[in-house]
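Engineer: Provided below are the primary sequence and the corresponding predicted coordinates.
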Amino acid sequence: MNKFLLALVIPSVTLFSCNNINTNTNLNKKVINSNNNQTLLLKIKPNVNQERINIFNKQFGVTNFNYISKDLKIAEIKTDSKNVESLKKEYLDRNIVEYIEKDSKMSVLDYQAENISDTERKNLSIKATTTGARPNDTFFPLQWNMQSIDADKAWTLTTGNSSVTVAVIDSGVDPDHPDLQENLLPLIDMLADTGEVDNYFFGNIDVDYSGKDGNGHGTHVTGVIGALINNQKGVSGLAGNVKILPIKAANFSGGTSASIITKSIIKAIENKVRVINISIGGERSEGTKALKEAVDLALEKGIVFVSATGNESSRSKGIITDVTVPAGYEGVISVAAVTEKDRVANYSNGGPEVEIAAPGGAGLQSEGSKIYSTWPTYKTFEGYRAGIIGPYAYLSGTSMSCPHISAAAALLFSRYPSMTGQQARIRILSTAKEIIGQKGFNSDVGYGKLNVYDALIQGSHDKKEITN
């Protein structure tokens, strides 16, 4: 995958990609699995018992064998990088595993960010036009994205129910954010569970981000779904009364791995969530077989699985990059991005796997505004690095599109508690609206742009021909 990284400075605004780091500084960036150990993922064959595994591990000095999922018989081991190929061969030659693979790097999807300007604060009152419910949240007038998908009409029917839980697998969340705190379940820190540190070192700075969001991305995504609605402050979450289970799976710079994401999905399943949101991606590779199995298990459990397509395209230059995984897997609602002007965003990845689009905001200055949502109340890595200061900020990317779909599914489950995951998926896709230039299903935006109100009122699940 060819990364398209954007670093553009215009007056008073800095746009950046979270992976675009100046390597000439003395930044000591913590990268997941960056030491001499290599993580291997393996799937044990059905007829192999634990005693046989223990004997093998003892014989070959494997001392840190851990199950990711006993149901799927998927485990991980860590070994010296020099021993990877020989150990893989031994497992395979002894007919113990169906596969054994090196872990793959993944990351929070590249995004662009900026702070709100004083001019926009002064013009809040003139920006919002609604035909339905207008929340009293201070910054709702800046949320063109909610107006674009008829959220105001949807809120006359439901703003969500606390019995519905959405797992946000991301860089974590600010657990004390005043616009989120009431809807948050206790954060699950999969980095800490895996033994990874999340400390940012730079010059005299030494910040430990354990148990919270060290990047900002996860807090922003969470706000699109579950910022408290009608609390007279901040922004309105599309499903502003559902519960959010934040699962921290990426470090302060956005780095993670397929093994950590796989474990995060299993953890979400164990917590009986109705929806999983992942705005994290990577290339299809040998190291994502276990990830695919975890996704399939979530779908089998009736969970609506929503993932962002990625932001590596430059459509203005004719570059359209393939959809990342897990968004590219069958059964996952793969979400592309559209702009304030109802066109596919310049950065939005495309391909036959794309199923739907939602507001992701501008990549190019000519594309309009970004998505306004929550940002940590403390200084994150991006605060130190690029001056992005909370508690609210503008971001753009398919990462921002993705939570609109997750929130729509949560609203469906709130209004129709007995609805299945597949019914919710079909309802969302079948009520999508065409955008400018779209002619039927296509690889840019799938079935079209989310319309959450129509999804809530549509009486059947098969308005259009939806496959899979």
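Structural biologist: Here it is on my side, so go on. Keep in mind it's a predicted model, so treat the numbers as computed, not measured. Numbers count the residues shown, from 1 in each chain.
Engineer: what about the helices in the stretch 301-450 of the chain?
Structural biologist: Secondary structure of the stretch 301-450 of the chain (DSSP state H, counting those that start in this stretch): helices at 381-386, 398-415, 421-430.
Engineer: looking at those helices, spot the one closest to G363.
Structural biologist: Distances from G363 to each of the helices of the stretch 301-450 of the chain were compared by C-beta to C-beta, and the smallest falls on helix 398-415, at 10.3 Å. C-beta: built from backbone N, CA, C; applies to glycine.
Engineer: show me what that closest one is packed against.
Structural biologist: strand 165-170, helix 217-226, strand 275-278, strand 304-308, strand 333-338, strand 356-359, helix 421-430, helix 452-457 (3 or more C-beta pairs under 8 Å, 6 or more residues apart in numbering; DSSP states H and E).
Engineer: that one vs strand 165-170, what angle?
Structural biologist: Orientation check (axes from the mean of the first three to the mean of the last three C-alpha atoms, to 10 degrees): helix 398-415 against strand 165-170 gives 170 degrees.
Engineer: now helix 398-415 against strand 333-338, angle please.
Structural biologist: For helix 398-415 against strand 333-338, the angle by the same axes, to 10 degrees is 120 degrees.
Engineer: buried residues in helix 398-415?
Structural biologist: 398-415 (16 or more other C-beta atoms under 10 Å).
Engineer: repeat for stretch 437-453
Structural biologist: Using 16+ other C-beta under 10 Å as the test for burial, stretch 437-453 gives 438, 441-442, 444-453.
Engineer: show the contacting residues for the residue nearest the centre of the chain.
Structural biologist: Relative to the mean C-alpha position of the chain, the nearest C-alpha, by C-alpha atoms, centre = their mean, is the one of S279, at 1.8 Å. The contact partners of S279, taken as C-beta atoms under 8 Å, 6 or more residues apart in numbering, are 108-109, 170, 217, 221, 307-308, 397-400, 402-403.
Engineer: out of those residues, which two sit at the greatest distance?
Structural biologist: Farthest pair in those, by C-beta to C-beta: H217 and S307, 14.3 Å.
Engineer: distance of the residue nearest to the centre of the chain from G318?
Structural biologist: S279 sits 26 Å away from G318, going by C-beta to C-beta, to the nearest Å.
Engineer: what's the nearest residue to Y67 if we skip its chain neighbours?
Structural biologist: Excluding the flanking residues, the one nearest Y67 by C-beta to C-beta, 6 or more residues apart in numbering is A75, at 4.8 Å.
Engineer: residue contacts, V48?
Structural biologist: V48 sits next to N95, I96, V97 when contact means C-beta under 8 Å, 6+ apart.
Engineer: and it, helix, strand or coil?
Structural biologist: Of the three states, V48 takes coil according to DSSP: H, G, I helix; E, B strand; the rest coil.
Engineer: show me the shaky parts of the stretch 51-200 of the chain.
Structural biologist: Scanning the stretch 51-200 of the chain for pLDDT under 70 picks out 116-130.
Engineer: strands of that one, residue ranges please.
Structural biologist: 66-69, 74-80, 97-102, 105-108, 112-114, 165-170, 188-189, 199-202 (DSSP state E, counting those that start in this stretch).
Engineer: from R94, how far out is the residue lying farthest from the centre of the chain?
Structural biologist: Relative to the centre of the chain, the most outlying C-alpha is that of Q59, 40.5 Å out, by C-alpha atoms, centre = their mean. Plainly put, Q59 is 10 Å away from R94 if you go by C-beta to C-beta.
Engineer: K45 too?
Structural biologist: 10 Å.
Engineer: same question, V273
Structural biologist: Separation of V273 from R94 (C-beta to C-beta) stands at 38 Å.
Engineer: just K439 next, same as before
Structural biologist: Counting by C-beta to C-beta, the gap from K439 to R94 is 55 Å.
Engineer: how about L40?
Structural biologist: L40 sits 15 Å away from R94, going by C-beta to C-beta.
Engineer: between the two, which is the more surrounded one?
Structural biologist: More crowded of L40 and R94, by other C-beta atoms under 10 Å: L40, with 24 against 13.
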